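Colleague: Let me see the structure of the following:
(2 chains)
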2 protein chains.
Amino acid sequence: MRAVVLHSHGGPEVLTIEEVAGPVPGPDEVVVDVAATALNRADLLQRMGFYPDPRKLQPEIPGLEFAGTVSAVGARATMWRVGDRVMGIEAGGAYAEQIATHERQLLAVPAGIDLVDAAAIPEVFLTAWDALVLQGGLTSGRWALVHAGASGVCTAAIQIAKAIGARIAVTCSSGKADACRELGADVVLERSPHDWLSDAKTAVPQGFDTVLDVIGGEEVDRNLQAVATRGTIVQVGLMGGGTTPVNVGLLLAKRATWVGTTLRTRPLEEKVAVTRRFAAEMLPLFDTGALRPVIDSIYDFDAIADAHRHMEANANTGKILVRVR
Amino acid sequence: MRAVVLHSHGGPEVLTIEEVAGPVPGPDEVVVDVAATALNRADLLQRMGFYPDPRKLQPEIPGLEFAGTVSAVGARATMWRVGDRVMGIEAGGAYAEQIATHERQLLAVPAGIDLVDAAAIPEVFLTAWDALVLQGGLTSGRWALVHAGASGVCTAAIQIAKAIGARIAVTCSSGKADACRELGADVVLERSPHDWLSDAKTAVPQGFDTVLDVIGGEEVDRNLQAVATRGTIVQVGLMGGGTTPVNVGLLLAKRATWVGTTLRTRPLEEKVAVTRRFAAEMLPLFDTGALRPVIDSIYDFDAIADAHRHMEANANTGKILVRVR
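Modeller: Below is the predicted model:
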C-alpha cells in the first residue's frame, strides 16, 4: 500500500509517500481501506518530532483518523463485514491506504454522509464531546466557553453544545466570527483587538460551567477568571506553551476543577468505552441533522505537504481532509 | 452568653471575650450549648482579617466547629431533642457558649466519645473525607498522599484512608514522623533535610491516585510530579502562597485532575448533603474504633489567645480544643 513514512522530522517536506507492506488484521481487528484521512494539530507536532506515536511502530506512519470501507476482518471480529462504511481514530497510521484497528474502536459512517467527508468527524467530535460532556460535565442549560472558534474541535463543540441544549461562547480571530455564528455559537468573542475576558464577563456574568481550552499559556489565568463557581476547565492541548503562572487561590475560591485530557495515550479499553458511548449518544445526531462535519478543504494524497502548510497558516475553518484513494 | 468578639483584626490579643445576646433558633434550626470548640488554620486567617465569615454577621464571632448539647429546638425541627449530644460545623460563631445551626448540619456525638473531645471531630474528619473520597476518588487499594502529616486534617486523613482499605503516604517535619506512623501511615516522608518527592517516587513508583494538599506554593509542582496517571490533586488550602508556576503539560500528559475545594463557602444544601453522607459513611467508624479524634491540647475559654499562639508555633499534633463551658 502507499503510505506517508517519516524517515526524519521537520517541515512539511519530510512527508514522503512510499510503498510499504499493508497491515494484517489481528484476531479482534479489521482492516479498513482508507478513503480519506484528516489533519490534526498533533500531526504537525509529530512531523516535527515532538509528539511520537506512543506505540512506537516502524515504519513511522502518522495520521490519527480515517474513513473508509472494511476490507478484511480478523478471526474473532464480529461487528463489521467487508464493504461496511466505517470511520475511526488510531494513535497513528492513518496517512495510508490501509489501516488495522480493533473492531470496537470503529464507528459506522452515518447514512447521509459522504465517505470522504466522514474523515472530518471522528477526532474533533469525539474530542469535543468527551471534553465538554464526559470530562467537563456540560448539560442542557449550562454555559460552555471554547477557544479557537474556527478550529475543527471548536466547530464540533459549537454543534454539540447546541444539540444537547447547552449554551456556548467561543473566542476566535475576527475573520472567523461569522463562521462561528453560522454554526450556532450564542456568543462570539473576538480575540483582537478586544479583551475577550471582559466581553465574556459582560455576556455571561455568572461564569462558564465548562471551559474547553486547547491553548494554555496566557489563557490559563483568563480561564480561571472566566470559569463559574464549581465549574470545570478541560485542558485538551497546549498550543500556547507549557509552564505558566497560576493563581491557585482562584481554583480554591471557585472550588473549580482543572482536568488535563488526551485521547491518544489512553489504553484500548478506555478508547473502546468512549467510542461505544459516542456511538450511542452522538452518532444519531448526524442522522437528525443536528451535527455535520465542517470541511475547510480537501487535498489529494500526493499534496499532503500542502495540506500541512495550510494548517500551519491558521487559515482554516473546520477540517482539512486528504483523499487517500 | 459569653463569646469571642472581634472588634479589630490582628494578633491573638484581639480575641476578647464579652457578653452578647444568645441566638434564637430559626424554624429549622436548633441552639447548641457549646461544650467545646476547636481551632482551625482558617481561624488564624479570620483573626488577622484575611478570611471573613461569608455571612458577614455582626458582632463578628469566629469559630468553625463545636460539640455540645441541644438546648432549644426550632418550630419545624424534628431531628433532635433538648439534651442530645451533637457536634457540627458552621461558617462562624462557634467561639461562643451557644450557637444556632440548621438541624441537618448536626451530627450525633458517637456514644464512646467525650463531649469535649468530640469538638476535635467535625472539621478535620469531614474535610479529609470529603477531599480524599468525594473530591479525590480514593478507594480501597489506591494510594493517597497527604501533606502536613501531623495537622488535624492529616491525622484524620491517615485514619480514614486506613479505615476504607486505601494506602497513604504523608509528608511531615521530622519531629512528627513517629506520630504519623502510630496513626497508621504506610509511608512517612520527612520534609527536611530529605527531598520528599524522590523518596515518594521510590516508595510508590506508580504515583498517587489522590493527593490532598493544604499548602500549595512550592508543593504544586511536586504534586503534579507525584500524582499518578488519571490521579486527582485536591487543593484544600494555600498555606504556602497563591500564584505559582505550573507545568500544565504534566496535567495534560497524566490526564490528571486538580480541584479546589472549601467547606465554608458552600451553600446550605451542599453542606447538609455532605454532612448526612458523612453521618452514614464515617460516623459508624467512631463506634467501631477505626476512627478517633486526635487531640493535641485543651485550653480554657479565657486562654483562647494562648491556644492561637500554640497553633501559630506549628508545634501541635492533632487538634487544639477550647473548653467553652
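Colleague: make it CA atoms for all contacts and neighbour counts henceforth
Modeller: OK.
Colleague: wait, residue A:318 sits on residue A:310?
Modeller: No - applying Cα atoms under 8 Å, one finds residue A:318 not in contact with residue A:310, separated by 12.0 Å.
Colleague: From chain B, how far off is residue A:281?
Modeller: With distances defined as Cα to the nearest Cα, to the nearest Å, the gap from residue A:281 to chain B amounts to 23 Å.
Colleague: Neighbour count: residue A:318 and residue A:310, which is higher?
Modeller: When residue A:318 and residue A:310 are compared on other Cα atoms under 10 Å in any protein chain shown, the one with more neighbours turns out to be residue A:318, at 22 against 14.
Colleague: so what's the more buried one closest to, chain neighbours aside?
Modeller: residue A:152 (4.4 Å; Cα to Cα, 6 or more residues apart in numbering or on different chains).
Colleague: That neighbour - how many residues pack around it?
Modeller: A count of nearby residues for residue A:152, using other Cα under 10 Å, gives 28.
Colleague: same check, this time on residue A:144
Modeller: Residue A:144 is flanked by 29 other residues according to other Cα under 10 Å.
Colleague: Just to be sure, it is in a strand?
Modeller: Yes - secondary structure assignment places residue A:144 in a strand (DSSP: H, G, I helix; E, B strand; the rest coil).
Colleague: can I assume it is in contact with residue A:206?
Modeller: No - with contacts counted by Cα under 8 Å, residue A:144 stays clear of residue A:206, the gap being 11.8 Å.
Colleague: Stretch A:201-210 spans what distance, first to last residue?
Modeller: End-to-end distance of stretch A:201-210 (Cα to Cα, to the nearest Å): 14 Å.
Colleague: Repeat that for stretch A:100-108.
Modeller: Start and end residues of stretch A:100-108 are separated by 16 Å (Cα to Cα).
Colleague: Over to stretch A:121-136?
Modeller: End-to-end span of stretch A:121-136 (Cα to Cα): 20 Å.
Colleague: coming back round to it: residues in contact with the residue nearest to residue A:318?
Modeller: A:124, A:294, A:317-319 (Cα atoms under 8 Å, 6 or more residues apart in numbering or on different chains).
Colleague: Poorly predicted segments of the stretch 101-250 of chain A, please.
Modeller: A:193-194 (pLDDT under 70).
Colleague: Any chance you could note which residues of it sit beside chain B?
Modeller: Taking Cα under 8 Å from any Cα of the partner chain, the part of the stretch 101-250 of chain A that reaches chain B is made up of A:216, A:235-238, A:242-249.
Colleague: on that earlier part again, highest neighbour count among the contacts of residue A:152?
Modeller: Neighbour counts for the contacts of residue A:152 were taken using other Cα under 10 Å; the highest belongs to residue A:319, which has 27 neighbours.
Colleague: Quick check on that one: phi, psi?
Modeller: Main-chain torsions, residue A:319, degrees, to the nearest 10: phi -90, psi 150.
Colleague: Now do it against chain B, distance only.
Modeller: As defined by Cα to the nearest Cα, residue A:319 lies at a distance of 23 Å from chain B.
Colleague: Dead centre of chain A: give me the residue that sits there.
Modeller: Within chain A, the residue whose C-alpha comes closest to the C-alpha centroid is residue A:124; the distance, by Cα atoms, centre = their mean, is 2.6 Å.
Colleague: Contacts only, for the residue nearest to it when sequence neighbours are not counted.
Modeller: The shortest distance from residue A:124 to any residue other than its chain neighbours is 4.5 Å, reached at residue A:153 (Cα to Cα, 6+ apart). For residue A:153, the contact set (Cα under 8 Å, 6+ apart) comprises A:124-125, A:127-128, A:318.
Colleague: The stretch 51-200 of chain A: helices as residue ranges?
Modeller: For the stretch 51-200 of chain A, applying DSSP state H, counting those that start in this stretch gives helices covering A:122-129, A:152-163, A:177-183, A:196-203.
Colleague: Which two among the contacts of residue A:152 are spaced furthest apart?
Modeller: Of all pairs drawn from the contacts of residue A:152, the one with the largest separation by Cα to Cα is A:124 and A:317; the distance is 12.7 Å.
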